[in-house]
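J.: Need a 3D model of the following:
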Amino acid sequence: MLPTLSPCLERPTSRSPIACPRLSRKVSVMALFLLTAQGVACGRVEQARQCRGLAAIVNPALDTIEQRRSSGGETPATLRDLAGQYDQLALALGRQSFIDHELQKLVADHAKLFRSVAHNLRALASALERAERPREQRIRSELDNLVRKQAILVRRIDHVCHGT
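T.: Down below sits the predicted model:
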């Protein structure tokens, strides 16, 4: 007995323009899967690019701030200069847009935190000029809290960007 072709492998006829509905559905599902996988991969590539861009903005700015802090001492003028640099960093972050909504929110929170740091640095400069020790201590405590919050934000951003 000779093997026969299954109905799905036969050529289309005028009565059946599609050779095999099950095969064409499988091809459609496979094409959809490939397009979805490509979209996910493109999204991850874009997110990785955006994460690298974020690091390229934040890390050099924080390096510059740290250099200025260590070289300028803790004078009111230095503190106000640092506050201006934190404000600039917050503005730069505010101009960024991210495809991942969680990352967008974390970056907005980071920008808000940098604005708070700037505000507190200006207040500290004022407290130092007026020799208001109790106010100075409260501001330093708030700055310490902001440093802890920043560490948490950085870990959360790293988790979104690197899955760590």
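J.: By mean pLDDT, point me to the weakest helix or strand of the chain.
T.: Least confident helix or strand, the chain: helix 21-72 with a mean of 72, by mean pLDDT, DSSP states H and E.
J.: Which positions in the following helix or strand past it come out as buried?
T.: Next helix or strand after helix 21-72 toward the C-terminus (DSSP states H and E): helix 76-94. By neighbour count with 16 or more other CB atoms under 10 Å, helix 76-94 contains the buried residues 76, 78-83, 85-87, 89-90, 93. Heads up, the C-betas are built off the backbone N, CA and C, glycines and all.
J.: where's the residue nearest the centre of the chain relative to residue 145, distance?
T.: Geometric centre of the chain, nearest residue: residue 103, 3.8 Å, by CA atoms, centre = their mean. For residue 103, the distance to residue 145 (CB to CB, to the nearest Å) stands at 23 Å.
J.: Test my guess that residue 74 contacts residue 125.
T.: No: Residue 74 is beyond contact range of residue 125, at 9.2 Å (criterion: CB atoms under 8 Å).
J.: Neighbour count: those two, which is higher?
T.: With neighbours defined as other CB atoms under 10 Å, residue 74 and residue 125 compare such that residue 125 has more, 21 against 11.
J.: Helix or strand: which one has the more buried one?
T.: Using DSSP H and E, residue 125 sits within helix 101-130.
J.: now the angle from that helix to helix 76-94?
T.: Relative orientation of helix 101-130 versus helix 76-94 (axes from the mean of the first three to the mean of the last three CA atoms, to 10 degrees): 170 degrees.
J.: Give the buried residues for helix 101-130.
T.: 103, 106-107, 109-111, 113-128.
J.: which one is residue 139 nearest to, not counting chain neighbours?
T.: Closest residue to residue 139 apart from its sequence neighbours, by CB to CB, 6 or more residues apart in numbering: residue 124 at 4.6 Å.
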